[in-house]
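> The sequence isn't on hand, but the structure is:
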């Protein structure tokens, strides 16, 4: 599996999207350039549970991941990564997946900083 995923960047305003849409939601532009996104930092994570009667599938954790270039994308979070944790990005069956980087703690960097004060 190849690391990273390809995101689309609006040539007009720089908005980054995955997947790309026909028109940029920020400025209405229709011209895009492609960039590889290999990692980022978790800004927020939310657990999404399916309706009990609909399926027995496990809950999914969605994370807002700030890319190194600045924009934020939403990815499924695998493993433990707290807010501020560094994750690697991969595309699995066309979906963005965020996985904790080896060597990074599962605890929030923000939380570690506050405890040290």
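Perfect, thanks for sending it. Remember, it's a predicted structure, so these values are computed and weren't measured experimentally.
> How are the strands of the protein distributed by residue range?
5-10, 16-17, 32-37, 39-48, 60-67, 72-77, 86-92, 95-100 (DSSP state E).
> Which residues does the fifth one contact?
Read that as strand 60-67. Strand 60-67 has contacts (CB atoms under 8 Å, 6 or more residues apart in numbering) with 7, 16, 37, 40-48, 72-77, 81, 87, 89, 96, 98. C-betas here are computed from N, CA, C, even on glycine.
> Try it again at 6 Å.
Strand 60-67 is contacted by residues 37, 40-48, 72-77, 98 when judged by CB atoms under 6 Å, 6 or more residues apart in numbering.
> Generate a PyMOL selection restricted to the buried subset of those.
Buried subset of those, written as a PyMOL selection, criterion 16 or more other CB atoms under 10 Å:
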select buried, resi 37+40+41+42+45+73+75+77+98
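> ok so, going back, I'd like to know which of the strands of the chain is closest to residue 26.
When these are compared by CB to CB, strand 5-10 sits nearest residue 26, at 6.8 Å.
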